[in-house]
Each structure stands twice: as structure tokens, then as C-alpha cells.
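[1] Build me a model from this:
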Amino acid sequence: MALNNPSVGLPGYRHIWNISYPVMIGMLAQNIIGASDTAFLGRVGEVELGAAALGSMYYLVLYIIGYGYSVGAQIIMSRRIGEKRFRQVGDVLHHTLYFFVALFLILFFLSKYFQHSIIQQIVESVPVSRATGEYVSVRVHGLIFAYLGTAYRAFHISRGYTQPILWNAVLVAVLNIALNYLLIFGSVFCEPMGIRGAALASVLSEGLGLLFYWVHASHKAIRRKYHLYGWARPKMHLIKSIFRVSSFVMVQYFLSMGTWFGFFLIIEKTGSAELASTNIVRSIYSLIGIPIWAFFSTIITLVSQAFGQGQVGQLFPLIRRVGWMAVCTSLLMNILVWAFPHQWLALYTNDQGLRALSLESLYVITLAHTCFALGGVVFHAVSGTGKTRVALGIEVSTLVLYVLFLILFRSWFAERIAFAWFSELVYSLGVGLFSWVYLRKIFLTQSRDALGTTRTGVVSADG
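    This is a model prediction of the structure:
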């Protein structure tokens, strides 16, 4: 019985790496957009640097809603591939694209109508508020490209062939860096646009990245196997099936990113230099976190495929293998930070005061980074089982602890910016421990059916 033979068909380290490393490069593209903005705007001014951080957080709150839906779609597509029901994979992708177009139209017009009043209410500094509004007014146009690109990314991860994500990443990264330089500082083709140029560069590079995904998926072999681009009228029952799994992930990521946005608002009230420093550290944290986030996507796919094949016993062996690889990769990235801390900071600013202010925080995030490598793998394994409602409950419980810690920081340690970053350690330990306790309890006491692993039904999301 598959349940009692977890080693049968268990993916090896090479297979896990072959799925993960193109995703790492793919995630690098999205992070390079933020890092590139930070690096170039750090040469423009402190106000622009802080405003770009807040504008990026505003944009990410909107983006993360769609990203949550794509994770749900990835879970279902992975399950269908495990069941060898390839035609239904194309149906899920098509309806994910339909949903994203509708979601973009709703959020775009809501943002256009409310964004200025929201920014004015939450940002105290008038110059920073004005610059943030300029950035967001342009950046929000790229939301449709990011949404649709995320759907294609989920499709490739679910099929375990992630090379297109790597190629897309190289394209987007190169374009973004080039366009940032030309549009922020100006060229013979255009006047310097400053912070608006950074936003426009991001929009254009994401748009061309989406075009690449569309052309690649048009290949005859891919179209035939997964029945792609056989466009038909949307089936509401299928959209609802995807939404049943995705809705909890969407809320989970929205709350997580909303709390992250609140973290920046708390820092903003301590001063513009502190906000600029936090943006630099956040950008470095995002960059060194790219490899472990790739492993998170991989564990979701591998667990979901294993459950689709009836190999429920592979759950903990997969967590151990992917978790070990994530922790080792995290330690390697940390060594690079510890060895060259000043060089990392010099990538973002020439201001010696900002570098000194950021140095202590830089060491704190490396500790949180390693804890999150293991805790995040366990946490995302919960989503891979289809138990997205449970994952949401774990997220909410942990965010309560996260917010309480930030309140403590605001009340007693506001002068020590580095102390605020210990909130990431609280989050990492919380999601890891809560997820491990849940999975151990369910795996040891319940049957495969209780985990929602039937080969014929829609992935269970009722937790």
C-alpha cells in the first residue's frame, strides 16, 4: 500500500533541485525589479527611496491577492498531473487567466479611485506621500501583467518543468535594469523621470515577460498535451472549484502582506532615514530569501503530486529532503552576507550614515532567514496537502504574535530599528511549529481520505 511505502517514487535531491533552481531564478526577476528600483533611487534621494518602499508594499498587497489564487491553481494542477488528467490542467490554467482579468479590472479601478486618499491618510511625511502617489499611479498598470504571468508560472511549476521560468527571469531582469537606468536618469530618448521612471520600467519589463510566457506556451507539444488555448466560455463551477482552494490562500497572503505593509508604516513614523534603512534591509532580505521561496513552491507541487498519486506516506520524507536543502541554501546565503556586509549595503546607497544604521538589522535578518527556511517548508507543505483553510488559521495565529511583537517594539524599543526585525524570527518560528504540530497530529491519527486525497474529486480545502 502506498501509504506504507513512502520511499516508492520519492523524488531525489537532484529532481528537487532541478525543479527549484529555475524557480529561484524566476523569483529573482520579481525581486530584481524591487532591488533595481532601490539601488537606482538610492542615488536620487532619501525621499524617493522611502517612497518606493511604501509604493512597492502597496503594489504587493494588491499583487499578493492574485498570487494566492495562483497557488491554489498550482495545487490543483499538480494534483491533476499526479492523476494523469492532463487535459484538465489546461482548463484550470484558462480559468485562472479568466479570473485574473476580472480581478485586475476590479482592483485597478478601486485603486485609481482610492489610492491617493489612502496614501495621504497613512503616510505622515508630505514629500514621501506625494512621491509614493506618483510611483503607485504608474506601477498599478503592471498588475495585469504580473497576474497573468503568475498563472503561467504556476502552470510550469505544477508540471515540474521550470526552465521557462528561468528564461523569463533573465529577460525581465535585463530589461528592468536597462529601463530603470534610462527612465530614472534620462537619456537622449527621454527626460529624467525619477521615481515615475522606476515604476514605468517595472511595468514594461513585466509586460514583455508575459509575452514570453504566452509565446512559449503556444508550442504545439505543450498545447496538445494540456489542451491549451482551446478557449471556451468560462465555466463558473470550475472557477468556484479553484476558488474554494485558493480563497484561503488569497486571504492568507493578503493578511501577511498587509501586516508587512503595517511594519513599514510603523518604521515610517520613526523617521525618513529609518524608513530608507528598512527598505534597504528589506530588499536584501528579499534577495537572499529567493532560494528558500523557490523550495516553498517546490514542496507545494511535490506534496500535491504525491497525494494525487496516492503516495500520502511521502509527506514527511519530502518535508525532510526539501527542508534540509532549504536550510543549507539559507546558510550559504547567510555566509555571503556575513562575509561582505558593507559591500551588500553599498549596492543600495552611498550614504555612510544609512549603511551604519542598516548594519545591525542586516545581521538580525540572517537569523530569521534560516529559521524561515525550515519553518516555511513545513508551513507550505500544509498547503500542498490541499488544507488551505488550516494554513490560513496557522497564518492568522502567527500574525497575532507578530503584531503583538511590533506593538512591543513601538512602545519600548522604537529607537532600535534592528529590534523590529526580530518580528521576522517570531513569524518564522510560529508558522513552523504550528504547522509541524498539525501535520504530525493528522498524519499519525487520520486516514488518507481525511486528508482529502481522493484521486477523483476536487482538492479538499475545508481544513
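[2] from here on, contacts and neighbour counts on C-alpha atoms
    Noted.
[3] Which strands or helices does the helix-or-strand element of the chain with minimal mean pLDDT pack on?
    Averaged element by element with mean pLDDT, DSSP states H and E, the chain has its least confident helix or strand at helix 13-41 (a mean of 76). Packed against helix 13-41, as judged by 3 or more Cα pairs under 8 Å, 6 or more residues apart in numbering; DSSP states H and E, are the following elements: helix 46-82, helix 163-185, helix 195-217, helix 272-288, helix 290-308, helix 315-339.
[4] Residue 350: which of the ones you listed is closest?
    Between residue 350 and these, the shortest gap by Cα to Cα is with helix 46-82, which sits at 11.1 Å.
[5] any idea of the mean pLDDT in that closest one?
    The average pLDDT within helix 46-82 is 84.
[6] Remind me what that helix packs against, helices and strands.
    Contact here means 3+ Cα pairs under 8 Å, 6+ apart; on that basis helix 46-82 packs against helix 13-41, helix 86-122, helix 126-139, helix 143-158, helix 236-268, helix 272-288, helix 290-308.
[7] so which of those comes closest to residue 178?
    Ranking these by distance to residue 178, with Cα to Cα as the measure, places helix 13-41 first at 9.7 Å.
[8] what sits against residue 51?
    Each residue near residue 51 by Cα atoms under 8 Å, 6 or more residues apart in numbering is listed here: 128, 129, 131, 132, 135.
[9] Which residue comes closest to the second one once chain neighbours are left out?
    Spelled out, it's residue 129. residue 123 (5.6 Å; Cα to Cα, 6 or more residues apart in numbering).
[10] can you pull the contacts of the one you found?
    Residue 123 makes contact with 129, 265, 268, according to Cα under 8 Å, 6+ apart.
[11] which among those residues gets closest to residue 224?
    Within the contacts of residue 123, the smallest distance to residue 224 is 48.9 Å, found for residue 265 (Cα to Cα).
[12] circling back to that earlier point, closest to residue 346 out of the helices and strands packed on helix 13-41?
    Each of the helices and strands packed on helix 13-41 has some distance to residue 346 by Cα to Cα; the shortest is helix 272-288, at 10.0 Å.
[13] ok, back up a step: of all the helices and strands packed on helix 13-41, which one is nearest residue 408?
    With distances scored as Cα to Cα, the stretch of those nearest to residue 408 is helix 272-288 (17.7 Å).
[14] So, low pLDDT: which residues of the stretch 351-463 of the chain?
    When residues are selected by pLDDT under 70, those of the stretch 351-463 of the chain lie in 410-411, 413-415, 443-463.
[15] Toward the C-terminus, what is the element adjacent to the strand or helix carrying residue 380?
    Secondary structure assignment for residue 380, by DSSP states H and E: helix 352-384. Past helix 352-384, heading to the C-terminal end, the next element that is a helix or strand (DSSP H and E) is helix 388-412.
[16] for that next one, packing partners?
    Identification of packing neighbours for helix 388-412 by 3+ Cα pairs under 8 Å, 6+ apart yields helix 236-268, helix 352-384, helix 417-420, helix 422-445.
[17] Pipe those into TSV and attach mean neighbour count and distance to residue 396 per row.
    As requested, the helices and strands packed on helix 388-412 are arranged in TSV below (neighbours: other Cα atoms under 10 Å; distance: least, Cα to Cα, whole Å):
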stretch	mean neighbour count	distance to residue 396
helix 236-268	20	7
helix 352-384	23	13
helix 417-420	20	19
helix 422-445	18	10
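[18] now the ones you listed as CSV including distance to residue 165?
    Shown next, in CSV, are those (distance: least, Cα to Cα, whole Å):
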stretch, distance to residue 165
helix 236-268, 22
helix 352-384, 20
helix 417-420, 34
helix 422-445, 27
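[19] of those, which approaches residue 181 most closely?
    Between residue 181 and the helices and strands packed on helix 388-412, the shortest separation by Cα to Cα is 22.4 Å, and it involves helix 352-384.
[20] Which other helices and strands does the closest one contact?
    Helices and strands touching helix 352-384, by 3+ Cα pairs under 8 Å, 6+ apart, are helix 272-288, helix 290-308, helix 315-339, helix 341-346, helix 388-412, helix 417-420, helix 422-445.
[21] Buried deepest among those helices, which one?
    Neighbour counts (mean count of other Cα atoms under 10 Å) averaged over each of the helices and strands packed on helix 352-384 peak at helix 290-308, with a mean of 27.
[22] Make CSV from the contacts of residue 123 and add pLDDT and distance to residue 47 to it.
    Supplementary listing: these in CSV, determined by pLDDT from 0 to 100; distance: Cα to Cα, whole Å:
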residue, pLDDT, distance to residue 47
129, 86, 9
265, 76, 14
268, 72, 11
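[23] can you list those residues in TSV and add distance to residue 325?
    TSV is the format used below for the contacts of residue 123 (distance: Cα to Cα, whole Å):
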residue	distance to residue 325
129	42
265	34
268	36
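[24] Nearest to residue 77 among these?
    Of all the contacts of residue 123, the one with the least separation from residue 77 (Cα to Cα) is residue 265, at 37.3 Å.
[25] contacting residues around the closest one?
    Taking Cα under 8 Å, 6+ apart as the test, what residue 265 contacts is 54, 122, 123.
[26] now do residue 276
    When contacts are counted by Cα under 8 Å, 6+ apart, residue 276 touches 46, 47, 49, 50, 53, 354.
[27] just to revisit the earlier point, can you say which of the helices and strands packed on helix 352-384 is nearest to residue 249?
    For those, the distance to residue 249 is smallest for helix 388-412, at 6.1 Å, taking Cα to Cα.
[28] so that closest one versus helix 422-445, what angle?
    Compare the direction of helix 388-412 with that of helix 422-445 by axes from the mean of the first three to the mean of the last three Cα atoms, to 10 degrees and you get 150 degrees.
[29] Work out the gap between helix 388-412 and the centre of the chain.
    18 Å (Cα atoms, centre = their mean, to the nearest Å).
[30] again with stretch 433-441
    The gap between the average C-alpha position of stretch 433-441 and the chain average comes to 23 Å, counting by Cα atoms, centre = their mean.
[31] CA atoms of it as CSV?
    Provided in CSV are the C-alpha atoms of stretch 433-441 (Å, rounded to 0.1, in the frame of the first residue of the first chain):
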residue,chain,number,x,y,z
LEU,A,433,5.9,25.0,14.9
PHE,A,434,2.2,25.3,14.4
SER,A,435,2.4,23.6,11.0
TRP,A,436,4.6,20.7,12.3
VAL,A,437,2.2,20.0,15.2
TYR,A,438,-0.8,20.0,12.9
LEU,A,439,0.8,17.7,10.3
ARG,A,440,2.1,15.3,12.9
LYS,A,441,-1.3,15.0,14.5
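[32] Now do that stretch: everything it contacts.
    Applying Cα under 8 Å, 6+ apart, the external contacts of stretch 433-441 come out as 375, 378, 379, 382, 391, 394.
[33] Farthest-apart pair in the residues you listed, please.
    Taking every pair in those and measuring Cα to Cα, the maximum separation is 12.7 Å, between 375 and 391.
[34] Compute the first-to-last residue distance for stretch 180-192.
    Distance between the two ends of stretch 180-192: 10 Å, counting by Cα to Cα, to the nearest Å.
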